[in-house]
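> Structural data only, the sequence is not supplied:
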């Protein structure tokens with residue numbers, strides 16, 4: 001029996017309102033218009049009830065977060081900080097960025113100390129697994145300032161793939177953003193789903209253009225935007241929904 005068929009639980013429109021999706025009146029309208037699904041089935045009856053702990057609800061295809069104990073934080077990690085909650089060598093770590101949250105947050109994946117940019121902190125282990133594991137194909141977008149003049153032929157080589165000591169690797173996407181013949185180096189945008197260590201730096205070194213500066217601008221559906229280096233913020237409702245949708249799709253793929 002799905003939550004929508006149960007006589008127990010919470011009325012669907014109330015659950016949506018409690019989750020911050022919309023006011024109860026607007027939530028009722030969403031239901032009537034057939035824009036709400038419970039466990040994959042469209043529900044249009046206003047008397048429908050759900051179990052927020054077990055039922056999966058989405059609106060217009062975007063997952064709804066009922067569990068308010070879960071925290072999702074975006075950090076623009078500055079350079080010089082290691083991706084660890086406690087560094088055993090005493091280097092600057094991530095703890096300074098999590099003190100505003102009561103929950104114990106953990107970083108999803110890593111950025112090396114000299115790479116800046118988007119890092120996700122959360123206490124949602126299931127979501128963290130989906131985001132970090134390369135088998136789920138979650139892409140990351142990097143902007144690399146590199147030495148030398150990158151040519152279109154080099155960009156094509158990155159797309160075709162290069163051979164590294166731990167096996168071949170190719171960029172999902174690659175494009176040249178700018179290049180200077182006066183010694184200013186080049187800016188290259190790389191999109192990858194690999195989780196291999198220092199992969200962008202190793203790829204660019206392999207094609208003869210060592211990285212000078214590296215920043216991760218996107219992680220899955222999340223964009224760094226104008227968040228300053230060294231600042232953290234909770235994800236918006238839309239961003240949380242996008243991540244949860246990704247997680248549920250991945251869970252569905254595992255079951256298939």
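Yes, it's here. Here the structure is a predicted model, which is why all the values come from computation and not from measurement.
> Tell me which residues are up against stretch 163-173.
139, 158-162, 189-194, 196, 199, 202-203, 206 (CB atoms under 8 Å, 6 or more residues apart in numbering). All C-beta spots, glycine's among them, are computed from the backbone N, C-alpha and C.
> Name the residues of stretch 230-243 that are buried.
For stretch 230-243, a neighbour-count test (16 or more other CB atoms under 10 Å) marks 232, 235, 239, 240, 241, 242, 243 as buried.
> Which residue ranges of this protein form helices?
Secondary structure of the chain by DSSP state H: the helices cover 12-18, 24-32, 125-132, 152-160, 199-206, 237-255.
> which regions of the stretch 1-150 of the chain sit below the pLDDT cut-off?
1-7 (pLDDT under 70).
> 50 instead?
1-6 (pLDDT under 50).
> quick one: the strands in it?
Using DSSP state E, counting those that start in this stretch, the strands found in the stretch 1-150 of the chain span residues 10-11, 36-38, 41-42, 49-50, 57-59, 62-63, 72-77, 106-108, 116-122, 140-146.
> ok, residue 111 touching residue 75?
No: applying CB atoms under 8 Å, one finds residue 111 not in contact with residue 75, separated by 9.6 Å.
> Now do the shared contacts for these two.
Common neighbours of residue 111 and residue 75 (CB under 8 Å, 6+ apart) are residue 119.
> on that earlier part again, of the buried residues of stretch 230-243, closest to residue 33?
Distances from residue 33 to the buried residues of stretch 230-243, taken as CB to CB, are shortest for residue 241 (17.9 Å).
> OK, contacts around the closest one?
Residue 241 neighbours (CB under 8 Å, 6+ apart): 62, 63, 64, 65.
> Any of these buried? List them.
Applying 16+ other CB under 10 Å to those flags 63, 64, 65 as buried.
> And the residues you listed, which is closest to residue 50?
Lowest distance from residue 50 to these (CB to CB) belongs to residue 64, with 9.6 Å.
> contacting residues for the closest residue to the closest one other than its chain neighbours?
Distances taken as CB to CB, 6 or more residues apart in numbering place residue 57 nearest to residue 64, at 4.6 Å, with adjacent residues excluded. Residue 57 sits next to 12, 15, 16, 36, 37, 38, 50, 63, 64, 66 when contact means CB under 8 Å, 6+ apart.
> neighbour-wise, which of those leads?
Neighbour counts for the contacts of residue 57 (other CB atoms under 10 Å) peak at residue 50, which has 28 neighbours.
> about what we covered before: switch the buried ones among the contacts of residue 241 over to TSV, and while doing so, append distance to residue 26 to every line.
Shown next, in TSV, are the buried ones among the contacts of residue 241 (distance: CB to CB, whole Å):
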residue	distance to residue 26
63	18
64	14
65	18
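> quick one, which of the strands of the stretch 1-150 of the chain is packed in tightest?
Burial of the strands of the stretch 1-150 of the chain is given as mean neighbour count (mean count of other CB atoms under 10 Å); strand 49-50 ranks first at a mean of 24.
> what would the contacts of residue 241 look like in TSV with distance to residue 42?
TSV is the format used below for these (distance: CB to CB, whole Å):
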residue	distance to residue 42
62	14
63	15
64	14
65	20
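> Looking at those, which one is closest to residue 176?
Distances from residue 176 to the contacts of residue 241, taken by CB to CB, are shortest for residue 62, at 34.1 Å.
> Thanks a lot, catch you later.
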